[in-house]
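**Student:** 3D, please:
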Amino acid sequence: MIKAETFVDATRAYGFALWTGVPCSYLKPFINYVIDEPSLAYIGAANEGDAVAIASGADLGGKRAVVMFQNSGFGNTVNPITSLNMIAKIPVLVITTLRGEPGGAHDEPQHELMGQITGGLFDLMQVPWEYFPTEDSQVAAVIERAVAHMDKTHTPYGLVMKKDSVADHKLKSKPQPKGIAPFAVAPWSYAETLPTRREVLAAVQKAERATDALVATTGFTGRSLYALDDRANQLYMVGSMGCASTFGLGLAWAQPQRRVIVLDGDGAVLMRMSALATLGYERPKNLLHIVIDNEVHDSTGGQSTVSHSIDFAGVAAACGYTRVIRAHSAAEVEEIVRSQSDELTFVHVKTAPGESGSLPRPKETPAQVADRMRAWLKETSA
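**Tutor:** Numbers count the residues shown, from 1 in each chain. Purely as a prediction, here's the structure:
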C-alpha cells in the first residue's frame, strides 16, 4: 500500500498537471488527495468517456493528464480511446480500478464480469497496461514505463488498481456551489430562412481571431469546415461523437490565454448532454460553444434527432453557462465570434438540413491534423 501523495508527486516530474475522472471507492483516497491539494487540478467528469476527452484536450494543449475511473464504467471510454486517442495519437494515463477481481475480495454482482475482462479490454484496444503499484519502491519504475510508452507511441497507457493499493485519505475540502446565471433565455423564434451549416462555419472562419483554436465535431461539421478552408488551428474530430465540448474544455484549461471555439452538432450534444453540466460548472472563460442544429444526423442519411423537442439554450443556461445566445443567422454568429467576451458562452443556431454537393475528407490523417495543431499552438502565442 502506498500513499496517494507518493504516486502524485512522482508524476509531477513528468509534467502531469491535470487529473480528471469519475469516483470509485478504491480510488477514494487518491481522488480525495488530488482534490485537497491546492497545487493540483482536478475536473470531475459526468462520465468516464468525458474524462478521457477532457484529458485528451489538455494533452493536445501541452499538459499531461491522468484519467481515473471504476472499471464498471470502462465501457464508456471505448469510444474516445479507440476513435480519438489511438487514431489521433493523443496519449493519456488511464487508471481504472479492478472491482470484481477474480479470486479477490467479495464484491457486488454487477462487477463480476467486468472484473474478469478489465485487462482484456485494454488488450483489445491495444493499450498496454500493468497493475497499479502497491509499494513505494515500485512507483518510479511504473511511471517511467508508462511515460516511455506514451512518448514513443503517443497513445494511452493503462494502470489497473486493485483494492487497498492506496492508503486512506479523508476529503477535507468541499466543492463551492456555483449559482445559475441570473438571466432568462429569450424564447426561441425561427428565422424565415434558415442558414446552412456551411454559411455558419464560413462566418466563424471569417470572424475568428488569429489565435483561436477550433474543435469541430465528427461528421459533416468537420468535413464542411475542411472544405471551406483547411487551417492549422482546426481539429476535425473524426470519431468520439459527443466529446468535442469536453475535449474543448481540456484544451481551454491547458491554454487559458487562448480562445477555444467548439463547433458542435445537435446529435453529438444529445449523445453526451451531461457534458454541458461539467462545462457549466467549470466555466472556462475562454470557451465559445456553438451548437449547429439541423435536427438530423446528416452524415448518416438524414435520420431525425430529437432536437426539435429540446431547448438547448435553456439546458445550457440551467447547467451554468454564463452567456447563452440564440442566433438566427450566419451574420449573427459572425458578430458573436467577432465580439469580445470573458465568460463561457453557448450559442445555439438552427440550420437547414442537407449538404449541397459532396464533401471531401481531410487528406491529412487524424494524427497529422493533431500534430499540426500541437505545433501551431506552440508557435502561436495568444
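**Student:** can you give me the end-to-end distance of stretch 256-274?
**Tutor:** 23 Å (CA to CA, to the nearest Å).
**Student:** quick check: mean pLDDT across it?
**Tutor:** Stretch 256-274 shows a mean pLDDT of 96.
**Student:** quick one: buried residues of that stretch?
**Tutor:** For stretch 256-274, the neighbour count (16 or more other CB atoms under 10 Å) marks 258-273 as buried. Glycine gets a C-beta too; all of them are placed from N, C-alpha and C.
**Student:** And the strands in the stretch 1-150 of the chain, which stretches?
**Tutor:** Taking DSSP state E, counting those that start in this stretch as the criterion, the stretch 1-150 of the chain carries its strands at 16-21, 41-44, 64-69, 93-97, 129-131.
**Student:** Then the stretch 201-350 of the chain?
**Tutor:** Under DSSP E, counting those that start in this stretch, the stretch 201-350 of the chain gives strands at 213-216, 234-236, 260-265, 287-293, 296-297, 303-304, 323-327, 345-350.
**Student:** For the first one, which strands pair with it and how are they oriented?
**Tutor:** So that's strand 213-216. strand 234-236 (parallel), strand 260-265 (parallel) (DSSP bridges).
**Student:** do the longest one as well
**Tutor:** Strand 287-293 has the following strand partners under DSSP bridges: strand 260-265 (parallel), strand 345-350 (parallel).
**Student:** quick one, that strand and strand 323-327 angle?
**Tutor:** Per axes from the mean of the first three to the mean of the last three CA atoms, to 10 degrees, the angle that strand 287-293 makes with strand 323-327 is 30 degrees.
**Student:** so for strand 287-293, what's the average pLDDT?
**Tutor:** 97.
**Student:** mind exporting that strand as PDB, just the C-alpha atoms?
**Tutor:** Only the C-alpha atoms of strand 287-293 are listed here, as PDB (Å, rounded to 0.1, in the frame of the first residue of the first chain):
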ATOM      1  CA  LEU A 287     -14.500  28.700 -24.400                       C
ATOM      2  CA  LEU A 288     -17.100  29.500 -27.000                       C
ATOM      3  CA  HIS A 289     -19.500  26.600 -27.600                       C
ATOM      4  CA  ILE A 290     -21.500  26.800 -30.800                       C
ATOM      5  CA  VAL A 291     -24.200  24.200 -31.500                       C
ATOM      6  CA  ILE A 292     -25.200  23.900 -35.200                       C
ATOM      7  CA  ASP A 293     -28.600  22.300 -35.000                       C
END
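**Student:** Can you name the residues in contact with it?
**Tutor:** 197, 200-201, 204, 221, 245, 248-249, 252, 259-266, 269, 279, 307, 312, 316, 321, 333, 336-337, 341, 344-351 (CB atoms under 8 Å, 6 or more residues apart in numbering).
**Student:** so where's the stretch 151-300 of the chain shaky on pLDDT?
**Tutor:** 181-187 (pLDDT under 70).
**Student:** can you pull out the helices in it?
**Tutor:** Using DSSP state H, counting those that start in this stretch, the helices of the stretch 151-300 of the chain run over residues 197-207, 220-228, 244-254, 266-271, 275-282.
**Student:** Figure out which of the strands of the stretch 1-150 of the chain is closest to K363.
**Tutor:** strand 64-69 (29.4 Å; CB to CB).
**Student:** any chance of the strands of the stretch 1-150 of the chain in TSV, plus distance to H289, mean pLDDT and mean neighbour count?
**Tutor:** Converted to TSV, the strands of the stretch 1-150 of the chain look like this (distance: least, CB to CB, whole Å; pLDDT from 0 to 100; neighbours: other CB atoms under 10 Å):
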stretch	distance to H289	mean pLDDT	mean neighbour count
strand 16-21	18	96	26
strand 41-44	16	96	18
strand 64-69	20	98	26
strand 93-97	26	97	27
strand 129-131	34	98	17
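**Student:** out of the ones you listed, nearest to V369?
**Tutor:** Minimum separation from V369 across these (CB to CB) falls at strand 64-69, 19.7 Å.
**Student:** What strands flank the closest one, and is each parallel or antiparallel?
**Tutor:** strand 16-21 (parallel), strand 93-97 (parallel).
**Student:** Also compute the angle for that strand relative to helix 244-254, please.
**Tutor:** Using the same axes, to 10 degrees: strand 64-69 against helix 244-254 is 130 degrees.
**Student:** And the average pLDDT for stretch 114-121 is what?
**Tutor:** 96.
**Student:** Same question for that stretch: list its buried residues.
**Tutor:** By 16+ other CB under 10 Å, the buried positions in stretch 114-121 come out as M114, G115, T118, G119, L121.
**Student:** Next: stretch 226-236.
**Tutor:** Y226, A227, L228, N233, Q234, L235, Y236.
**Student:** any idea which of those residues is closest to D151?
**Tutor:** Among these, and counting by CB to CB, the member closest to D151 is L235, at 21.1 Å.
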